[in-house]
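# Provided below for reference: sequence and predicted model.
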Amino acid sequence: MFEKLKEILVDDMQIKENLITMDAELINDLDMNSIELSELVLACEEKFGIEIDEERAKNFVTVKDVVDYMEELA
């Protein structure tokens, strides 16, 4: 799941691959803003055919948070 998320972050969000680790913080380390976080959620929903709960998405701090949540849904 991490590799698939990384692919979205690199291809869709134009984030440098070397910055993306499980512990990387979406806002502080990857310089994402709230609009980009929403775009990430939408991209994940589209790519994986899932629906991400908005309340849970608000708690995404690190890449690991997103990966863990998507693995729960898988």
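Good, I have the coordinates.
# please count neighbours and contacts with C-alpha atoms only from this point.
Fine.
# got a pLDDT number for the closest residue to residue 6 other than its chain neighbours?
In space, residue 6 comes closest to residue 20 once its chain neighbours are excluded; the distance is 6.8 Å by C-alpha to C-alpha, 6 or more residues apart in numbering. Here the pLDDT value assigned to residue 20 is 98.
# residues in contact with residue 20?
6, 30, 63 (C-alpha atoms under 8 Å, 6 or more residues apart in numbering).
# the strand or helix carrying the first one: which residues count as buried?
Just to be clear, that refers to residue 6. Secondary structure assigned from DSSP states H and E places residue 6 in helix 2-11. Across helix 2-11, burial judged by 16 or more other C-alpha atoms under 10 Å covers 2, 5, 6, 7, 8, 9.
# returning to that earlier point: now the contacts of residue 20 in JSON lines, with pLDDT and distance to residue 41?
What follows is the contacts of residue 20, written out as JSON lines (pLDDT from 0 to 100; distance: C-alpha to C-alpha, whole Å):
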{"residue": "6", "pLDDT": "97", "distance to residue 41": "13"}
{"residue": "30", "pLDDT": "97", "distance to residue 41": "15"}
{"residue": "63", "pLDDT": "98", "distance to residue 41": "12"}
